[in-house]
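> no letters, just coordinates:
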């Protein structure tokens, strides 16, 4: 399917908007470490998902923009986590999304957020801090993050999401790092917590470590969000 694609800079970040055929198709926001989402988009089109807009943000300061609160670096020589996710989320909801919806020229059937690794953590954190997203995919999410499980279990989401997707690689917890080795335990506990709240949750365990099949895993998570649209999209 031939798409209209726009690329532009905003707040020092690179934005790519892959338009749907129909302006009122769902809008998926993907926070990406690098790239414009083209690889994920090709995989999604091969899966024959429903029509959707894909809004990709890259050029992020990963440890600053996507962390919910400060945390020391995991490894020597790496930057600490600055905990400025709230500021980044304010920019997303008050500037980026309104601008993207203007460019789309229609009202999306729903708006979803997806991300891999630390962006997967942020995709859940955002649900507790704003009501902009109807669905969320945390793909190989950094749910080992200190005190995130306690935060999630003791706070209410601003909007009850229609769908949640959580995934990991089956070797992601096979590490010596004391925080990261808890990732599967924490993710499974949160999946069960959300189910007990009556939410629609899909949990998926993929083969490999954290760095295997990032684009494919991301496409699978987004594909799940696009199933069973909340309302029919006009032709």
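Everything's here; your move. It should be emphasised that the depicted structure is a prediction, and the values quoted were computed from it without experimental measurement.
> if I look at residue 216, how far off is residue 192?
From residue 216 across to residue 192, the span is 26 Å (Cβ to Cβ, to the nearest Å). C-beta here means a position set from N, CA and C on the backbone, and glycine is covered the same way.
> neighbour count: the two, which is higher?
The neighbour comparison of residue 216 against residue 192 (other Cβ atoms under 10 Å) goes to residue 216, with 15 against 12.
> pretty sure the more buried one belongs to a strand, no?
No: Residue 216 is assigned helix when assessed by DSSP: H, G, I helix; E, B strand; the rest coil, not a strand.
> for this protein, what spans make up the strands?
Secondary structure of the chain (DSSP state E): strands at 5-10, 13-18, 27-31, 53-58, 111-116, 135-139, 163-169, 201-206.
> the second one versus strand 27-31: what angle between them?
Looking back up the chat, that one is strand 13-18. 150 degrees (axes from the mean of the first three to the mean of the last three Cα atoms, to 10 degrees).
> cool, the longest one as well?
Between the axes of strand 163-169 and strand 27-31, defined by the same axes, to 10 degrees, the angle is 30 degrees.
> show me how far strand 163-169 is from its chain's centre.
10 Å (Cα atoms, centre = their mean, to the nearest Å).
> which residues are contacting it?
Counting by Cβ atoms under 8 Å, 6 or more residues apart in numbering, strand 163-169 makes contact with 112, 114, 124, 135-141, 143, 183-184, 187, 190-191, 194, 199-210, 212, 217, 220-221, 224-225, 227, all of which sit outside it.
> of these, select the buried ones using a ChimeraX command.
Buried residues within the contacts of strand 163-169, by 16 or more other Cβ atoms under 10 Å, are selected in ChimeraX with:
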select :112,114,124,135,136,137,138,139,140,141,143,183,184,187,190,191,194,201,202,203,206,210,217,220,221,224,225
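> which parts of stretch 32-41 are buried?
Result for stretch 32-41 [16+ other Cβ under 10 Å]: buried residues 32, 36, 37, 40, 41.
> hmm, back to that, so for residue 147, which of the strands of the chain sits nearest?
Of all these, strand 135-139 sits nearest to residue 147, with 16.5 Å by Cβ to Cβ.
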